[in-house]
Structure formats: C-alpha cells, structure tokens
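Enquirer: Need coordinates for the following:
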Amino acid sequence: MKPVRYIFFFLVCWLQSIAVNGQKYLINTDLGIFAGTSYYLGDINPRQQFYSPGVSFGALLKHNFSLHHTFRANVYYGQFKGNDLDFKNDYQQFRGSKFETSLVDAHIGYEFNFLPYITSREHPTAHTPFIFMGIGYSLVVSSTVDDISKGYFNIPFGVGYKYRFSPAISAGAEWGMRKTFADDMDGVANPGMNGSYDSLHNNDWYSFVGIFITFRIFEQSFSCPAYKQPIVYK
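Expert: Take a look at the predicted model:
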C-alpha cells in the first residue's frame, strides 16, 4: 500500500499547487552549469550504487512557469566504466568483460517543486526539494565496445534540492537516473524471456549526481484577466 500512499500524496500536492497559483502567475527562466559524477548500472554492475564513478559536467535550463511547476532541459557529459573482475562471483570472474564509455546526455522534462519556489525576492520560500522526469537521448562519444549503439532514447527521472541565494542566483544538488533503451552500453547482452533481444527489459542504466548553480536570465509576472488586474512585466 505504500506506493499508493506516495502517489496520493503527490496528487494532493499537485492539486494544491494549482489552486494556490490560480490567481497570479509568475514565470522566469534560469540558465546554469552542473558538475559532479556519473556511474553505470547493468549486467556487469547490477546493484552497486556509485560504482567506479566518472567525471560529469554540463549545462541546464529551467523555465519556472509557476511556483510549483518547472520545465527543464539539460545537456550533460558523463564517463562510465565497468569490469567483471571488480566482483567476486565466479561467473563474472570467468566472463571477464569490461568497458569504458563516454556520452552526451540531453533531456527535456517536468520538475515539481514541493514548496512554492521561484528565483525572486518577492516570495519568502527560499528552498525546496523537487522531483523530475522526462524524455532523453544518449549520444555515445567514445567507447571500448565495438558494436555499441551510437545513440538511443532514455527515460530520465530523479530527485533534488535547490536554494535561492539571491533574486538572481540559485544552487542545489540532484541525483538522476537514466533508463536506457539499448542493451549494449556495457557490451554484455541481456536477452528477453524468449532468448531474443528486448530493449524494454535490458539492465543498462546510468546516473548523474552533482551540484548546480543557476542564474536568472528572464522574469515576467502577470495576473489572471478574470480578476481585471493589469499585466506587469519585470
């Protein structure tokens, strides 16, 4: 029953955010940079978080179209690697597979702020946890796997926290996972139930964990015409 409770809690927060923002609308756009680490989960490393981390960095854009709802886009670069010999089970010691890959990850998606938040002086809430999800694309830059796909779609999702230091500057941290739709990131195939390749049931995932800083580049506020209040631009 716990997943049902979580879904119900999220829906209540989302509906409440719509009600709160029904009279006044605030939008702004933030542009920033990201730096952190990246790691891989898959056939070689099925469950160990932060295994063999690599360097990651990139740029992100957030368009806040209300106090709770944000459109986000990012382009991140990450390094990933894995080696069967790092694990003690006999099968992996015998198989001895290893790989190193670097890729560019781009995604667009939706971000939900649990607290009313926007990069502006006029709102007292200076911080909030958030969750996000969207649709992404992975473009392989280099790899030791000979027959790796050069590009494939992925599903990004994750959690984070952000804090407003000033009306123009915010910073935070996020942990995002990517569910890939290709099973050759590590060079080890994971066949489906009938023994054939199935992109929906592969084991290849990757993750970005890091910190970001954003700078407000645009802001606009306006009131609902139903209340006959003038539009105000900033």
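
Enquirer: and Lys88, how many neighbours?
Expert: Applying other CB atoms under 10 Å, we find 7 residues neighbouring Lys88. In this view, the C-beta of every residue, glycine as well, is placed from N, C-alpha and C.

Enquirer: Which of the three states applies to it?
Expert: Reduced to three states with DSSP: H, G, I helix; E, B strand; the rest coil, the structure at Lys88 is coil.

Enquirer: Look up how far Ala106 lies from it.
Expert: Counting by CB to CB, to the nearest Å, the gap from Lys88 to Ala106 is 37 Å.

Enquirer: now the spatially most central residue of the chain: how far from Tyr91?
Expert: By CA atoms, centre = their mean, the mean C-alpha position of the chain lies nearest to Gly176, the distance being 4.1 Å. Relative to Tyr91, Gly176 is positioned 30 Å away (criterion: CB to CB).

Enquirer: Next: Ala73.
Expert: Here the criterion is CB to CB. By it, Ala73 lies 41 Å from Tyr91.

Enquirer: between those two, which one's more packed in?
Expert: More neighbours surround Ala73 than the other of Ala73 and Tyr91, with 15 against 8 (other CB under 10 Å).

Enquirer: Sheet partners, orientation included, of the helix or strand where the more buried one lies?
Expert: If you go by DSSP states H and E, Ala73 is part of strand 69-83. Applying DSSP bridges to the sheet, strand 69-83 is found paired with strand 54-64 (antiparallel), strand 98-113 (antiparallel).

Enquirer: how far is the first one from where the chain is centred?
Expert: When C-alpha coordinates are averaged (CA atoms, centre = their mean, to the nearest Å), strand 54-64 and its chain have centres 9 Å apart.

Enquirer: Next: stretch 92-101.
Expert: 28 Å.

Enquirer: start to end distance for it?
Expert: Stretch 92-101 has an end-to-end distance of 20 Å (CA to CA, to the nearest Å).

Enquirer: Tell me where the chain has helices.
Expert: 2-20, 90-95 (DSSP state H).

Enquirer: Now Phe55. Nearest residue, chain neighbours left out?
Expert: Not Phe; residue 55 is Val. Gln79 (5.3 Å; CB to CB, 6 or more residues apart in numbering).

Enquirer: Val104 is in contact with the one you found, correct?
Expert: No - the pair Gln79 / Val104 is not scored as a contact, 11.2 Å apart, by CB atoms under 8 Å.
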